[in-house]
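J.: fold the following.
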Amino acid sequence: MANTRSILLVVMAAIVASTAGAGEAPPTNAAGEVVLTFADAAVGKPVETWTAGNVAFALTSPPQRSKARGRVTFFPHLKTGRKGILNAMANEQAVPVKAEIKGGASAVTLVLWGTVGSNAWLEAHGADGKLLDRAALPGTVPQRKDPADPIPSFELSVKAENIAYVLFAGAPNGGALVADEMRYVPTK
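T.: Predicted coordinates:
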C-alpha cells in the first residue's frame, strides 16, 4: 500500500510538472510586475524562439558569421538550481537576445549573471524600434569571491512608456550573459 502511494505521488508530481505553465498566466509579485522564470525550460536544447506568457524570446537577427539559424538556449545557474535564457550561438554573442512583450510594458527588470569578463546591457525599444531607455553595468559582471560561491546575479532595469521589446547582450564570443528572471509592469 505504501509503495503504491509512493508511485502514485511520483506520477502525480510528473503530471503537474509537465503541465505547469501550460495555459496559465505568469505570476505577479506585490509590485504588480509579471514574473517570468524558466523553471520548465529544457536545459541545453537550442530553440529559435521561446514563449512564456506574453513574452517571446529570440535573437534580434540571424548570425553574421554562419548560415546557422539563430537560437536561444537555457543554462543552469550552478549551485542555485535556477535556469536562464541566453544566446546559444557561441561565436555570435554580438547578436542580442530580444524579449518582445505582447501588450507592452512600462518597466522591465532582468536578473542576470554571466561569465568572467562579460559586459551587460539592457535596452528598451518602442514598437517603431526607437530606443527608449538603456541600462548597463559600469564594468564587467560581478565575480565570485570564492570558488565555492555561486556566480553572483545582478539586475538591470529600464523604464519608459510603451516598451514593445527589450534587448540584452554584452558577453564576448565564447562567453555567456544569462537572464534567469524577467519582471515587467504591463502597459495598462
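
J.: quick one, what contacts residue 102?
T.: Going by CB atoms under 8 Å, 6 or more residues apart in numbering, residue 102 touches 54, 55, 56. Backbone N, C-alpha and C define where each C-beta goes, glycine included.

J.: can you report how many residues neighbour the last one?
T.: Taking other CB atoms under 10 Å as the criterion, the count of residues near residue 56 is 15.

J.: ditto for the first one
T.: Here the neighbour count serves as a burial measure; for residue 54 (other CB under 10 Å) it reads 17.

J.: same deal with residue 186?
T.: Counted with other CB under 10 Å, residue 186 comes out at 17.

J.: may I have the beta-bridge partners of it?
T.: Beta-bridge partners of residue 186, counted by DSSP bridges, are residue 105.

J.: so residue 156 versus residue 122, what's the distance?
T.: 4 Å (CB to CB, to the nearest Å).

J.: anything in contact with each of these two?
T.: By the contact definition CB under 8 Å, 6+ apart, residue 156 and residue 122 are jointly contacted by 110, 135, 136, 168.

J.: buried only: go through these for me.
T.: Buried by 16 or more other CB atoms under 10 Å: 110, 135, 168, out of the shared contacts of residue 156 and residue 122.

J.: in terms of distance to residue 180, which of these ranks first?
T.: When these are compared for distance to residue 180 (CB to CB), residue 110 wins out at 8.7 Å.

J.: helix or strand for residue 113, which one?
T.: Per DSSP states H and E: residue 113 is located in strand 97-114.

J.: any buried residues in that strand, and which?
T.: Residues 97-101, 104-114 are the ones in strand 97-114 that count as buried (16+ other CB under 10 Å).

J.: more crowded one of residue 156 and residue 122?
T.: Taking other CB under 10 Å, residue 156 and residue 122 do not tie; residue 122 has more neighbours (25 against 21).
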